[in-house]
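1. sequence and computational prediction follow.
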Amino acid sequence: MTSDLFTYSLTVFTGFFAIMNPIANTPIFVSLVEGSTPQEKKKIAKSATITAFFIVVSFIIIGKYIFDLFGITLPAFKMTGGVLIFIVGFNMLQSNKAKMHHIEGGNIDDSLAISPLAIPILAGPGTIVTAMNNVAGRDYLHIAITIGIFAVLIFFTYWAFSMSQKIIDKLGNNIITVISKLMGLILAIIGTDMLIGGIKLAFDLNS
């Protein structure tokens, strides 16, 4: 039981870390808040991460009811989610910005924290799909673990955004690009695994 929970927790953490990609998203944050004061940057980072947390947690909690309301089956969701996550990972490997994480720019004001930072950069479709896939058919313990791990990632993202300029100066753009590609590979693998899991459930394949 403990081993299963550890494996589950590691899988959830890896999935969230890969798709949220706090380090690779740091240059995006810097470009959006360019010209703002350190205090304004922290305020925007705090608002964005808190908003993203409540959005994703809401989907984690009411995800089952969304399934029931629209008659969505678990195999269909896993297969669709797997395809979506694979596309995000593939785009990252190709050094393309995934559309669900792409931004065209923004003004430095309070709304910037909501869009595009909270939505869709942090709490985009890929993150929501990952969260719902992790809790689909799970008990309350697994749901609590998922929320807790997501909270840790949100805190790490807030820290990365707050220290954004220092991180970029320290690592350099080349290292950040390498990290982004590694995260893309992990996401592509996770997406493929979700797709295979959905197919197995749909056709009742045990092996």
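-> Received it, and whenever you're ready, just let me know what you need. Residues are numbered from 1 along each chain as shown.
2. quick one, helices of the chain?
-> With DSSP state H as the definition, the chain shows helices at residue ranges 2-20, 22-32, 38-70, 74-93, 111-112, 125-135, 140-162, 164-202.
3. ranking the ones you listed by burial, who's on top?
-> helix 125-135 (a mean of 24; mean count of other CB atoms under 10 Å). Where you see a C-beta, it was placed from the backbone N, CA and C, and this is true even at glycine.
4. quick one, it and helix 164-202 angle?
-> Our comparison of helix 125-135 with helix 164-202, counting by axes from the mean of the first three to the mean of the last three CA atoms, to 10 degrees, yields an angle of 50 degrees.
5. show me where the chain dips below the pLDDT cut-off.
-> Judged by pLDDT under 70, the chain has its weakly predicted residues at 1, 95-110, 206-207.
6. of the helices of the chain, which is nearest I119?
-> The closest of those to I119 is helix 38-70. By CB to CB, the value is 6.8 Å.
7. which secondary structure elements does the closest one sit against?
-> helix 125-135, helix 140-162 (3 or more CB pairs under 8 Å, 6 or more residues apart in numbering; DSSP states H and E).
8. now those helices as JSON lines including distance to P27?
-> Rendered in JSON lines, the data for the helices and strands packed on helix 38-70 read as follows (distance: least, CB to CB, whole Å):
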{"stretch": "helix 125-135", "distance to P27": "19"}
{"stretch": "helix 140-162", "distance to P27": "11"}
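9. nearest to V57, of those?
-> Judged by CB to CB, the one of the helices and strands packed on helix 38-70 that comes nearest to V57 is helix 140-162, at 5.7 Å.
10. tabulate the CA atom coordinates of that closest one in CSV.
-> Backbone C-alpha positions of helix 140-162 (Å, rounded to 0.1, in the frame of the first residue of the first chain) are rendered in CSV as follows:
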residue,chain,number,x,y,z
TYR,A,140,-10.4,10.5,-1.3
LEU,A,141,-6.8,9.7,-0.1
HIS,A,142,-5.5,9.9,-3.7
ILE,A,143,-7.5,13.1,-4.3
ALA,A,144,-5.9,14.6,-1.2
ILE,A,145,-2.5,13.5,-2.3
THR,A,146,-3.0,15.0,-5.8
ILE,A,147,-4.2,18.4,-4.3
GLY,A,148,-1.2,18.4,-1.9
ILE,A,149,1.3,17.7,-4.6
PHE,A,150,-0.2,20.4,-6.8
ALA,A,151,0.0,22.9,-3.9
VAL,A,152,3.7,22.1,-3.7
LEU,A,153,4.2,22.7,-7.4
ILE,A,154,2.2,26.0,-7.2
PHE,A,155,4.5,27.2,-4.3
PHE,A,156,7.6,26.2,-6.4
THR,A,157,6.1,28.1,-9.4
TYR,A,158,5.6,31.2,-7.2
TRP,A,159,9.1,31.0,-5.9
ALA,A,160,10.5,30.6,-9.5
PHE,A,161,8.5,33.6,-10.7
SER,A,162,9.6,35.7,-7.7
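11. show me what that helix is in contact with.
-> Outside of helix 140-162, the residues within contact range by CB atoms under 8 Å, 6 or more residues apart in numbering are 5, 8-9, 12-13, 16-17, 20, 22-23, 25-26, 29, 41-42, 44-46, 48-50, 52-53, 56-57, 60-61, 122, 131, 134-135, 138, 167.
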